[in-house]
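Participant: Here's my sequence, what's the structure:
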Amino acid sequence: MSTYSYVRGQLFKAEIRAHNTNGWSTYSSINTVGATIQTEPTRMNDPQEGSSTSSTQIEVTWSAISSTDDTGGSSILSYNLEWDQGTSTWTELVGQSSNYLTLSYTKASGITAGTTYQFRLRAKNALGWGPYSNVLSVVPSSVPA
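Facilitator: This next block holds a predicted model:
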């Protein structure tokens, strides 16, 4: 098995031929356009605490990734937001079991003022999931800021 080092956006040139009971066909012409290397998305920008965060809910916002380098050359299909409620176990909030393209999420149940909650985010394209963002820690307060 051969290993190759291709770069995202690089033109991949190929020729093909078919085989049946009568033998091999001649090779096709080498393609010159259209087949470029694509990858999973890059790491997301860090999620941010939204302005609707209060003692009873947490809003998390993020920026879409849209440049070809960031998307891996393929459209973003979903953003996956997960949280840790202080148990060192990450739980999906949105985006993994069904696609989610909205750029914010508000968690309005299971929130206790003064408790630290952590959030992480990643993006998916046709080739798979990119790496998680850095972790955002939020402590909803019972005292107005």
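
Participant: Pull up the pairing partners for whichever strand in the chain runs longest, direction included.
Facilitator: Looking across the chain with DSSP state E, the single longest strand is strand 117-125. Sheet pairing of strand 117-125 (DSSP bridges) gives strand 78-84 (antiparallel), strand 128-129 (antiparallel), strand 136-138 (antiparallel).

Participant: Now do that strand: distance to the chain's middle.
Facilitator: Centre-to-centre, strand 117-125 and its host chain are 7 Å apart (Cα atoms, centre = their mean, to the nearest Å).

Participant: residues of that strand that come out buried?
Facilitator: Judged by neighbour count using 16 or more other Cβ atoms under 10 Å, the buried positions of strand 117-125 are 117, 119-125. Glycine gets a C-beta too; all of them are placed from N, C-alpha and C.

Participant: and the residue positioned nearest the centre of the chain, what pLDDT?
Facilitator: With distances taken as Cα atoms, centre = their mean, Ala123 lies nearest the centre of the chain, 1.0 Å away. pLDDT, Ala123: 98.

Participant: number of nearby residues for Val94?
Facilitator: 18 (other Cβ atoms under 10 Å).

Participant: Could you pull up the residues touching it?
Facilitator: 79-81, 100, 102, 105 (Cβ atoms under 8 Å, 6 or more residues apart in numbering).

Participant: And those residues, which of them are buried?
Facilitator: 79-81, 100, 105.

Participant: and the two most separated of the contacts of Val94?
Facilitator: Greatest spacing in the contacts of Val94, by Cβ to Cβ: Asn80 and Thr102 (12.2 Å).
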